[in-house]
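A.B. asks: Requesting a structural model of the entry that follows:
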Amino acid sequence: MPLRILLNICLLRASPQDLPASRLGMLAALAAYAAAGVLGVLDVLTFENAVLAAAVDTLLLAAVTHLVLPWRQLENRVTQTLTALAGCGALLSLLAWATSGLTREWLPPAWVWAPFLVWYTLVFGHVWRHALSITLAAGVAASLLYLILSMGVTGLFMNPVPATN
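C.D. replies: Okay, the predicted model is just below:
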């Protein structure tokens, strides 16, 4: 069952290669990732901007995966890797969103989101480690680079720099 495998990947007990290589599963994971992305930022962005941010982030995740794996001549791992990244990203985002909502009365959202961001980075590092056949430290570094890239690119769409005359 893919959901159980995704949960085990989030707990670092399974790897992307344990997932079925299913394009339909990959598309479902990408849709869940985008939907979770929208939910995760609705409290700070308008619905339209939340959809835009989630769409950009989802496309970026797919683009990076489709560029990095073939660059390392590992294109046969794209479907499972992207399914793992998107599926785990969706699960962790939904869990963080729910936790933040349940603890809103006594914990600032940043205190809730910070540990999830660390967990997210570690899980993505774990997935990249298996996908690229690298060490966990290198996978976490790749995950951090992706996170910085994602926030930078999404930030450009959300906060455009005013034109100067």
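
A.B. asks: lowest confidence element among the helices and strands of the protein?
C.D. replies: Per-element confidence for the chain was summarised using mean pLDDT, DSSP states H and E. The lowest value among helices and strands belongs to helix 136-158, with a mean of 89.

A.B. asks: Distance from the chain centre to that helix, please.
C.D. replies: Its chain's C-alpha centre lies 10 Å from the corresponding centre of helix 136-158 when counted by Cα atoms, centre = their mean, to the nearest Å.

A.B. asks: what does that helix contact?
C.D. replies: 45, 49, 52-53, 56-57, 60-61, 64, 68, 117, 120-122, 124-130, 132, 134 (Cβ atoms under 8 Å, 6 or more residues apart in numbering). Heads up, the C-betas are built off the backbone N, CA and C, glycines and all.

A.B. asks: Okay, and which of these map to helices?
C.D. replies: Per DSSP state H, helices hold the following members of those: 49, 52-53, 56-57, 60-61, 64, 68, 117, 120-122, 124-130, 132.

A.B. asks: Check which helices and strands the one helix or strand Gly37 maps to sits against.
C.D. replies: Mapping Gly37 onto the secondary structure by DSSP states H and E places it in helix 23-41. Applying 3 or more Cβ pairs under 8 Å, 6 or more residues apart in numbering; DSSP states H and E, one finds that helix 23-41 contacts helix 47-71, helix 78-103.

A.B. asks: Would you mind confirming that Thr58 makes contact with Leu30?
C.D. replies: Yes - under the criterion of Cβ atoms under 8 Å, Thr58 makes contact with Leu30 at 5.8 Å.

A.B. asks: and for these two, which residues touch both?
C.D. replies: Residues touching both Thr58 and Leu30 (Cβ under 8 Å, 6+ apart): Ala86.

A.B. asks: Leaving out chain neighbours, which residue sits closest to the most centrally placed residue in the chain?
C.D. replies: Centroid check for the chain by Cα atoms, centre = their mean gives Gly89 as the closest residue, at 3.7 Å. What sits nearest to Gly89 in space, not counting adjacent residues and going by Cβ to Cβ, 6 or more residues apart in numbering, is Tyr33, at 5.0 Å.

A.B. asks: Done for today, thanks.
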